[in-house]
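S.K.: I need the structure of the sequence given here:
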Amino acid sequence: MVSTDMRTRCTTDPEMITAVRRTIAGLQSLEASCSHGGYFAFQTDVTADHRAVVVDWLSHVFTFDFPGCSHRTFFLAVSIMDRFLEKKRVQRLKLQLLGIAAFALASLVEDVSGLPGEADVLSGSLLATLCNGAYTPAEVADMRTDILVTLREGLVAPTSLQFAQEILHVLRAGDAVWSSDSITLCGIALYFIEVTALDATMLRFAPSAIAAAGCQLALNAYGIVHTPWVRCDRW
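M.R.: This next block holds a predicted model:
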C-alpha cells in the first residue's frame, strides 16, 4: 500500500494534471502512425512467434549490452520494426537484422547524451557482432538506410512508455525511477507495459490504451483505487 502522502499528492496540482492531459492529447493525435499488427497477412515468411523471439532478444541487448540506453530506445526500436514490417516484406532470416538496425536508429533518437562506443554502433561493427556474425556491418548499415527510406519522416511514433511516463509524472515519478531496480509503482507499470511488447496481438490496442491499462494495474496493486484523477480510462 502507498503512504497517505502519496495519495494526497495524487490529487493535488491541477495545473500539472492539465499539462499532462495536453501532452497526452498531442501524442494521441499521432497514434494513427503506429502499427496495428495486421501485417502478418502481408508477410509471407515472418510470424508472430518470430517477432516475439526478436523482440525478446532486443530486450536482452538493451538490458545487458547497452545498459546505458534509455527505456524509450527499446520501445521505439520495437515500434520502428513493426511499422517497417507493415510496409515491406522481410525474410525470416533478416528479421534479426531489422531488429538491430531499428535499435541503432532508436538509440540515435532517444539516447541524446550518446553511448560508450557510439562510433562503433553507428558503423554497424558492434551491432553485427551482437548478431553472432550472422550479418556484416555493411548489411546492418544497408538495413538502417532501408528503414530510413521506407519510413521517411515517420521514423518516430508515440510509444506506450511515453504515455505511461506522462501519466506517472503526476505521481512525482521522475525519469530516475524508471532505471531503478527497486520495486516501485513505476517499476510495476513498466513491467506490465514491457510484457505487451512481446505479444503481437497487443498491437491492436493503441499505445495510450496499453499505457493506461498498465498504470491502472500498477495503481491497483498499490491500493490506489478511489483517487478521482487516476481513472486511467479517462486519459
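
S.K.: which residues touch Arg51?
M.R.: By Cβ atoms under 8 Å, 6 or more residues apart in numbering, the residues touching Arg51 are Met81, Asp82, Leu85, Leu95, Ala200. C-beta here means a position set from N, CA and C on the backbone, and glycine is covered the same way.

S.K.: what do you get for Leu198?
M.R.: Applying Cβ under 8 Å, 6+ apart to Leu198 gives the contacts Ala52, Val55, Asp56, Ser59.

S.K.: Tell me if I'm right that Arg144 and Ile100 touch.
M.R.: No. Counting by Cβ atoms under 8 Å, Arg144 stays clear of Ile100, with 9.1 Å between them.

S.K.: So between these two, which is more surrounded?
M.R.: It is Ile100, of Arg144 and Ile100, that has more neighbours when counted by other Cβ atoms under 10 Å, with 27 against 22.

S.K.: Leaving out chain neighbours, which residue sits closest to Asp45?
M.R.: Once flanking residues are discounted, Asp45 sits nearest to Arg92: 4.6 Å by Cβ to Cβ, 6 or more residues apart in numbering.

S.K.: meant to ask about Gly99, not that
M.R.: Closest to Gly99 by Cβ to Cβ, 6+ apart is Val54, at 4.4 Å.

S.K.: Which residue, other than its chain neighbours, is closest to the most centrally placed residue in the chain?
M.R.: Centrality entry for the chain: nearest residue to the mean C-alpha point is Phe75, 1.7 Å, by Cα atoms, centre = their mean. Among residues not flanking Phe75 along the chain, Thr159 sits closest, at 4.0 Å (Cβ to Cβ, 6+ apart).

S.K.: residues contacting that neighbour?
M.R.: By Cβ under 8 Å, 6+ apart, the contact list for Thr159 reads Arg72, Phe75, Leu76, Val78, Ser79, Pro207.

S.K.: ditto for Val90
M.R.: Going by Cβ under 8 Å, 6+ apart, Val90 touches Gln43, Asp45, Val46, Phe84, Leu98.

S.K.: 10 Å - rerun?
M.R.: Each residue near Val90 by Cβ atoms under 10 Å, 6 or more residues apart in numbering is listed here: Tyr39, Gln43, Thr44, Asp45, Val46, His50, Met81, Phe84, Leu97, Leu98, Met143, Asp146.

S.K.: sec struct for it, please.
M.R.: Under DSSP: H, G, I helix; E, B strand; the rest coil, the three-state class of Val90 is coil.

S.K.: What distance do you get for it to Thr150?
M.R.: 11 Å (Cβ to Cβ, to the nearest Å).

S.K.: which neighbours do those two share?
M.R.: The contact sets of Val90 and Thr150 overlap at Phe84 (Cβ under 10 Å, 6+ apart).
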